[in-house]
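Novice: Sequence first, then the predicted structure:
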Amino acid sequence: MTLKTLTTALVAATALSGAALAESHSETGNPMVGGAAMFPDRTIVENAVNSADHTTLVAAVKAADLVETLSSDGPFTVFAPTNAAFDMISDESLNALLQPDAKAQLAQILTCHVVAANAMSGAIAGMIADDDGVHPVATVGGCTLQARMDGDEITLTDENGRIATVTVADVRQSNGVIHVIDRVLLPAQ
């Protein structure tokens, strides 16, 4: 199955469940993500599958066998790249990463987007200020991201100098928080 086929199937499933979820969203206080309500009493995985903007991320999490981990108690902070962020990677490279023999490499890339803590944006901004404008963020995948402020936005720089901006912050989950980002971050190459 190609990435595009898997993504199409996930979008269809999301469309079926999204309408029912959006009605009760106003009661959660959480931002909408990918046109879907995000419920603070659901796990990172349970919410992510409903975001039309994160079908590629969900497919990658499944391919890397990380569903169980990201459904566990955590807490986790996940910097969640959008489909548009994954679109910056060639189809050939992305499809290669989704193959079973690349599972370890894919898992490392994905876990470089995960921190073993529940870090809301205010706390991250405070750490950046306390560290004179740049705060090192150690990830579960062994990467160290550099968090900075760019005006009112938090940015993350990976070990290769790639910069991602947090576009939707503080999406509370039962096992942590998601911050939507606009670029895929990579381990040192």
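Specialist: That came in fine, so what should we check first?
Novice: For stretch 61-75, output the C-alpha coordinates as CSV.
Specialist: C-alpha atoms of stretch 61-75 as CSV (Å, rounded to 0.1, in the frame of the first residue of the first chain):
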residue,chain,number,x,y,z
VAL,A,61,3.2,6.4,13.7
LYS,A,62,1.4,3.2,12.7
ALA,A,63,4.3,2.2,10.4
ALA,A,64,6.8,2.8,13.2
ASP,A,65,4.7,0.8,15.7
LEU,A,66,4.4,3.8,18.0
VAL,A,67,0.7,3.7,18.5
GLU,A,68,0.8,1.8,21.8
THR,A,69,3.6,4.1,23.2
LEU,A,70,1.7,7.3,22.3
SER,A,71,-1.5,5.8,23.7
SER,A,72,0.2,5.0,27.1
ASP,A,73,0.0,7.2,30.2
GLY,A,74,2.9,9.5,29.3
PRO,A,75,3.0,12.4,29.8
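Novice: what about it, average pLDDT?
Specialist: In this model, stretch 61-75 carries a mean pLDDT of 91.
Novice: Next, the buried residues of that stretch.
Specialist: For stretch 61-75, burial by neighbour count (16 or more other Cβ atoms under 10 Å) applies to 61, 63-64, 66-67, 69-71, 74-75. From N, CA and C alone the C-beta is placed, and that goes for glycine too.
Novice: List the contacts of that stretch.
Specialist: With contacts defined as Cβ atoms under 8 Å, 6 or more residues apart in numbering, stretch 61-75 is touched by 43-46, 48, 76, 78, 97-98, 100, 103, 106-107, 110-111, 114, 116-118, 173, 175-177.
Novice: give me the low-pLDDT residue ranges for this structure?
Specialist: 1-28 (pLDDT under 70).
Novice: quick one: contacts for the spatially most central residue of it?
Specialist: Taking Cα atoms, centre = their mean, the centroid of the chain lies closest to Ala80, which sits 1.4 Å from it. Neighbouring residues of Ala80 by Cβ under 8 Å, 6+ apart: 48, 54, 57, 113, 178-181.
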